[in-house]
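**Q** Requesting a structural model of the entry that follows:
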Amino acid sequence: MPDPIDPAERKAAMTQLEQYVAVSMQGERIDEAELMRRLQTFNAIVKPSLPGSDLEMVARRLAERLPIDMDLGSVITSRDHEPWLRTRKQAIDWGRWLAYKTMLIKQCRPPAVIDKIDELTDEILDLAGDPTLPGSWKRRGLVLGDNRHRCASMRHSSDATRPN
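**A** You can find the predicted model right below:
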């Protein structure tokens, strides 16, 4: 089926959206969710209205040049939690995480967001407990995020459990 939006109109609408959002920020740091909300708001007034895939492309272009941030969220821990990752982090071969990080960089993800994902997944891994300790322990938790967070958490945990 042919694309209902003329390519020249699409390009003009994407450029216009990019300008509207950039001006609306005026030096303000916003997170990815707010960036998408603003794109959707302005998309309602731009003609032609663009599909989600185009909005994601505009978001990536904006994220390359504007201060886009990511919130770390909040954590509730038990009193008996013993942090372990900070003391072992240098000794872990982070090959899987670095491969994923490289992919995110090639996708033009904002460096600040990639760094926050790294920080967040370190915290999740630390809270899960040291996988090299013998025996078992109970951990419960809920991590909300998009696929990038889940993929990063899996790579961090698989790197931490891999023998060096």
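**Q** Mark out where each domain of the protein begins and ends.
**A** Domains of the chain are assigned by automatic domain parsing as 7-69, 85-161.
**Q** Give the rounded mean pLDDT of the longest one.
**A** Spelled out, it's domain 85-161. Mean pLDDT, domain 85-161: 84.
**Q** just how off-centre is it within its chain?
**A** Offset of domain 85-161 from its chain centre (Cα atoms, centre = their mean, to the nearest Å): 12 Å.
**Q** Out of the domains of the chain, the one nearest residue 77 is which?
**A** When the domains of the chain are compared by Cβ to Cβ, domain 85-161 sits nearest residue 77, at 6.4 Å. C-beta: built from backbone N, CA, C; applies to glycine.
**Q** first vs last residue of the closest one, how far apart are they?
**A** In domain 85-161, first residue to last residue: 12 Å (Cα to Cα, to the nearest Å).
**Q** Repeat that for stretch 137-152.
**A** So stretch 137-152: terminal residues 23 Å apart, Cα to Cα.
**Q** Can you point out the buried residues in it?
**A** Across stretch 137-152, burial judged by 16 or more other Cβ atoms under 10 Å covers 145, 148-149, 151-152.
**Q** now do stretch 13-30
**A** Within stretch 13-30, judged by 16+ other Cβ under 10 Å, the buried ones are 13-14, 16-18, 20-21, 25, 30.
**Q** Wait, residue 77 touches residue 129, no?
**A** No. Residue 77 is beyond contact range of residue 129, at 11.2 Å (criterion: Cβ atoms under 8 Å).
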